[in-house]
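>>> Here you go, sequence then predicted model.
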Amino acid sequence: MLMAVACCCVAFAQMKRYDTDFTLSQKKFTVTVPIEIERNQLFVRVDIGGREYRFKLDTGASQGVIYDDVSIEGLRTLGFIKSEDATGQSQQVKTVELPPFTLGGLTITGFKVQQMKRPIVRKGEDGIIGFALFHKGIAARIDTREQTMTLTDRKSLYKKAEGEVLKYKLKWHVPYVTVSPFEGSEERVLFDTGSPMLYAMNAESLGRMAATNPLVAQQIEGTKYGSHVVGHFGVEREDTITLLNLDRLKWGNFELREVHCITVQGDSHIGAPLLMHGVMIINPFRKCLVFQPYDDF
């Protein structure tokens, strides 16, 4: 997860500002592109200057990332911005504009990303496309069984989509929703397809709920000491990790039962494994997520 703290670029020697908007080659379009699933995460292939690149689809990232060991001609440097990763660490990072790239016949021009070093050396991942792709005006239907993602700028296409509807609010330009991990308790969590964990709970949030809800203690399996999350800027500091077996995790009227999860020092989040259990529609026009469970789930 990468969260941009502000839209202005704070350079080391100067201040710069840039426009986070981008333009599309089509209007009133509906295109379907293949997605690839690896380590419970989603990837798409894009064409930049006749060369294919593979990007992770990460709704926990505000704009996106291009790794500094990936060669792309035509990158335009815009300045520097303060960014915070999943561990809460922050650094100044370079912001660049990608050359026009094509995704399923749709050409996107002026898309901005941060240029960073890889936190983990891993082949087959050139960068990240963040939630800006959606909240700037593209709705998406993601189906992991069909391994497709349908993109559209038509406001009416998913207006009446049936399923479990959950409104989201943007914080640092990424979507947060309200879930109930324990009966009688709610918390705001990040919808983060960049995470391979189905659910992770902020340690301080767990402590607050435990202080007022007796059901919390009954669902703690144990504790250990260490760190689990690797962010762009380092590993989270070592601390107590609580192991949980939730009776249910409630999402609107939908429930996941017997959810095994852990505490983390970053924000609570629901990750990409949720999409292995149903279709997800991201509708930025109504600022909501619509989850449609598979019939056999």
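Arrived safely.

>>> Check residue 93 and give its pLDDT.
Note for residue 93: predicted pLDDT of 85.

>>> start at 57 instead
Right, with 57 as the first residue, what we last looked at is residue 149.

>>> Now name the helix or strand holding the residue lying closest to it once chain neighbours are set aside.
Using CB to CB, 6 or more residues apart in numbering and skipping the chain neighbours, the partner closest in space to residue 149 is residue 170 (4.6 Å). From N, CA and C alone the C-beta is placed, and that goes for glycine too. Taking DSSP states H and E as the definition, residue 170 sits inside strand 168-172.

>>> could you give the mean pLDDT of the helix or strand just after that strand?
The first helix or strand that comes after strand 168-172 along the chain, using DSSP H and E, is strand 183-185. Mean pLDDT, strand 183-185: 95.

>>> what do you get for stretch 164-174?
Taken as a whole, stretch 164-174 has a mean pLDDT of 92.

>>> Residue 324 contacts residue 247, correct?
No. Residue 324 lies out of contact with residue 247 (CB atoms under 8 Å); the separation is 10.8 Å.

>>> what's the neighbour count on residue 161?
Look at residue 161: counted by other CB atoms under 10 Å, it has 12 neighbours.

>>> what does the strand holding residue 170 rub up against?
Contact partners of strand 168-172, identified using CB atoms under 8 Å, 6 or more residues apart in numbering, comprise 58, 60, 74, 76, 78, 119-124, 131, 134, 137, 139, 149-154, 183-184, 186, 188, 288.

>>> Kindly format the C-alpha coordinates of that strand as CSV.
The C-alpha trace of strand 168-172 is given here as CSV (Å, rounded to 0.1, in the frame of the first residue of the first chain):
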residue,chain,number,x,y,z
LYS,A,168,1.3,10.2,-12.8
VAL,A,169,3.2,7.7,-10.6
GLN,A,170,5.9,7.7,-8.0
GLN,A,171,9.3,6.3,-9.0
MET,A,172,10.8,4.1,-6.2
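
>>> Which residue comes closest to residue 277 once chain neighbours are left out?
Setting aside the residues directly before and after it, residue 277 is nearest to residue 299 in space (CB to CB, 6+ apart), at 4.3 Å.

>>> for residue 255, that is, sorry about that
Per CB to CB, 6+ apart, closest to residue 255 is residue 317, 4.5 Å.

>>> same question, residue 93
residue 200 (6.0 Å).

>>> quick one, phi psi at that neighbour?
Recorded main-chain torsions at residue 200 are phi -70, psi -20, according to degrees, to the nearest 10.

>>> All set, thanks.
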